[in-house]
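Chemist: Curious how this folds, go ahead:
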Amino acid sequence: MGARRSERLLFGHQVGRRRPVVPHRRAQCSTGTHWSRGGGVSTPVVADSNAASEYGSRRAPEPAPDRPGDDTLREHPHARRSRRTPLLLGVLGLAAVVLAACGDAEQNALDPAGPYAQAPHDLIIPVAWIALAVFIFVQGLIIFSVVKFRTKKDDDGSLPKQIHGNTRAEIVWTVIPAVILAIIAVPTVQGIFEVMDEPEDYLTVEVIGHRWWFEYYYPDYDIYTANEFAIPVGTPVRLEMTAADLARSPDLGVIHSFWVPRLAGKQDLIPGQTTFLNIQADEPGRFLGQCAEYCGLSHANMRIRVEAYEDAEFDAWVAAQTTPAEQPADGTPEALGRELFHELGDGRQACASCHQVWEDGARNPGQGPDLTHLMSRLEFAGAIHDMTEENLREWLRDPNSMKPMQYEVSGIGMPNLDLTEDELDALVAYMLSLD
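Modeler: Down below sits the predicted model:
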């Protein structure tokens, strides 16, 4: 037995269960080569002289017979790699999802800061758990079916028992989803009416969506501002919203969507119509949002900033915003900038043709943002650039390089006024004085 086992190892055969020996044919030649036949294929076997002397004969050791499947016992490396690729892609995809959830998201609907954001959040969480349970159940059935009814070696090709036409089963899997949806629908409809009801003792703010910035008007205080607006903490604020463009014409407006996720859900602004949205902040802070309806070239550059102040700070903000802008002293760069603001000369369009700086009398909104208290804001140009001297200078020099608008094509946005460096210095000085 030991000699026969050694023979198999010597000639590269795997050790295994003894099987009937396939007869072989031998033909000796001067080279010591013998021919053996196994599995119907003749192959040369070179007899080692040392091996022959060890076994006491020049006859080649008997080869192990071929076994079914011997050629597949060793898996090709490419096959192993091909199986690893989906697993690797799955791991990478899961890692990407997990990493995407990391970080401090400023626009986070899962971190509500007021009652009108808390209500949708309280509905989303149980619905998400229900959806997760349904997902696990359905995917479990799929995996069970794939494993249970996979093709086997002894498969005769017949199909598993079919349940098509099973009335009882079809009623069950139709009624259960309908019941789940009905249960979800009750708090959903109730919540919609609750968040849309007109609250008591609220502050009204009118919102007008332009391309590509938001305008805010406080009718109780006659305040116009742009891009960012202030609200008092703990007070309901009712937004009355519409959309308009070019001389405030609704005929030339496009649909926008107002969304500050930590304060409320989304609401469309539709030209020629008024829609409503309630918001409220229960804590002071700065809340970020954006237009959530595609509205053209700079849709991604149309953002929202809400400043929530305690009552005393809000009253101070209102007092500052209702104070007219001061006229700069004669002979100063600011005074020259004010003159250029109203008249550029050389047939160029003046800043005052679109923007208002309120100094006395009635406030009349312009086609562009109100600049009366420009420096009280932290950002400009749709709330995408910090309010700094450098950014203001670059904006006046070439606005399209900082925010794509294509004024020459559509007449929407800020035109390039071809200002000289001296004019830039004067206008920037004037802008910086509007606090």
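Chemist: Okay, now the unreliable bits of the stretch 301-435 of the chain?
Modeler: When residues are selected by pLDDT under 70, none of them lie in the stretch 301-435 of the chain.
Chemist: all strands of it, in order?
Modeler: 303-309, 379-380, 385-386 (DSSP state E, counting those that start in this stretch).
Chemist: List the contacts of the longest one.
Modeler: Residues from elsewhere that reach strand 303-309, judged by C-beta atoms under 8 Å, 6 or more residues apart in numbering: 113, 214, 227-233, 258-260, 263, 279, 281, 283-291, 317, 378-379, 382-384. For the C-beta atoms, the positions are set from N, CA and C on the backbone; glycine is no exception.
Chemist: Among those, which are located in strands?
Modeler: Among those, the ones falling in strands (DSSP state E) are 214, 228-232, 258-259, 279, 285-291, 379.
Chemist: where does the most centrally placed residue in the chain fall, phi/psi-wise?
Modeler: Nearest to the geometric centre of the chain sits residue 100, at 8.9 Å (C-alpha atoms, centre = their mean). Backbone geometry at residue 100, expressed as degrees, to the nearest 10, gives phi -70, psi -20.
Chemist: same deal with residue 144?
Modeler: Residue torsions, per degrees, to the nearest 10, at residue 144 are phi -60, psi -40.
Chemist: quick one on the thing from earlier: ok, the residue nearest to the centre of the chain to residue 93 distance?
Modeler: 11 Å (C-beta to C-beta, to the nearest Å).
Chemist: again, but for residue 362
Modeler: Distance, residue 362 to residue 93, using C-beta to C-beta: 60 Å.
Chemist: the more surrounded of the two?
Modeler: Taking residue 362 and residue 93 together and counting by other C-beta atoms under 10 Å, residue 93 has the greater number of neighbours (10 against 6).
Chemist: helix or strand for that one, which one?
Modeler: Here residue 93, judged by DSSP states H and E, is contained in helix 77-100.
Chemist: the helices in the stretch 101-250 of the chain, which residues?
Modeler: Counting by DSSP state H, counting those that start in this stretch, the stretch 101-250 of the chain has helices at residues 115-148, 167-196.
Chemist: and the shortest one, what other elements does it pack with?
Modeler: In terms of contacts (3 or more C-beta pairs under 8 Å, 6 or more residues apart in numbering; DSSP states H and E), helix 167-196 is packed against helix 115-148, strand 275-279.
Chemist: between that helix and helix 115-148, how big is the angle?
Modeler: Relative orientation of helix 167-196 versus helix 115-148 (axes from the mean of the first three to the mean of the last three C-alpha atoms, to 10 degrees): 160 degrees.
Chemist: List the buried residues in helix 167-196.
Modeler: By 16 or more other C-beta atoms under 10 Å, the buried positions in helix 167-196 come out as residue 195.
Chemist: Between strand 275-279 and it, find me the angle.
Modeler: Going by the same axes, to 10 degrees, helix 167-196 makes 80 degrees with strand 275-279.
Chemist: Can you get me a residue count around residue 242?
Modeler: Neighbours of residue 242 (other C-beta under 10 Å): 19.
Chemist: For it, name its beta-bridge partners.
Modeler: residue 208 (DSSP bridges).
Chemist: give me the beta-bridge partners of residue 203?
Modeler: Note on residue 203: beta-bridge partners residue 237, judged by DSSP bridges.
Chemist: Could you tell me how far it is located from residue 215?
Modeler: Applying C-beta to C-beta to residue 203 and residue 215 gives a distance of 17 Å.
Chemist: likewise residue 207?
Modeler: Counting by C-beta to C-beta - residue 207 and residue 215 are separated by 7 Å.
Chemist: Need the CA coordinates for the helix holding residue 93. CSV is fine.
Modeler: In CSV, the C-alpha atoms belonging to helix 77-100 read as follows (Å, rounded to 0.1, in the frame of the first residue of the first chain):
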residue,chain,number,x,y,z
PRO,A,77,-7.5,32.6,-10.4
HIS,A,78,-9.7,34.6,-12.9
ALA,A,79,-12.8,32.8,-11.6
ARG,A,80,-12.0,33.7,-8.0
ARG,A,81,-11.4,37.4,-9.0
SER,A,82,-14.7,37.5,-10.9
ARG,A,83,-16.5,36.3,-7.8
ARG,A,84,-14.8,38.9,-5.6
THR,A,85,-15.6,41.8,-7.9
PRO,A,86,-19.3,42.1,-7.0
LEU,A,87,-18.5,41.7,-3.3
LEU,A,88,-15.9,44.4,-3.5
LEU,A,89,-18.3,46.7,-5.3
GLY,A,90,-20.9,46.1,-2.7
VAL,A,91,-18.6,46.9,0.1
LEU,A,92,-17.4,50.1,-1.6
GLY,A,93,-21.0,51.1,-2.2
LEU,A,94,-22.0,50.5,1.4
ALA,A,95,-18.9,52.5,2.6
ALA,A,96,-19.9,55.4,0.3
VAL,A,97,-23.4,55.5,1.7
VAL,A,98,-22.1,55.4,5.3
LEU,A,99,-19.5,58.1,4.6
ALA,A,100,-22.1,60.3,2.9
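Chemist: average model confidence for it?
Modeler: Average pLDDT, helix 77-100: 75.
Chemist: show me what contacts the residue nearest to residue 225 when sequence neighbours are not counted?
Modeler: Distances taken as C-beta to C-beta, 6 or more residues apart in numbering put residue 216 closest to residue 225, at 5.1 Å, once the chain neighbours are dropped. With contact set as C-beta under 8 Å, 6+ apart, residue 216 has these partners: 205-208, 223-226, 229.
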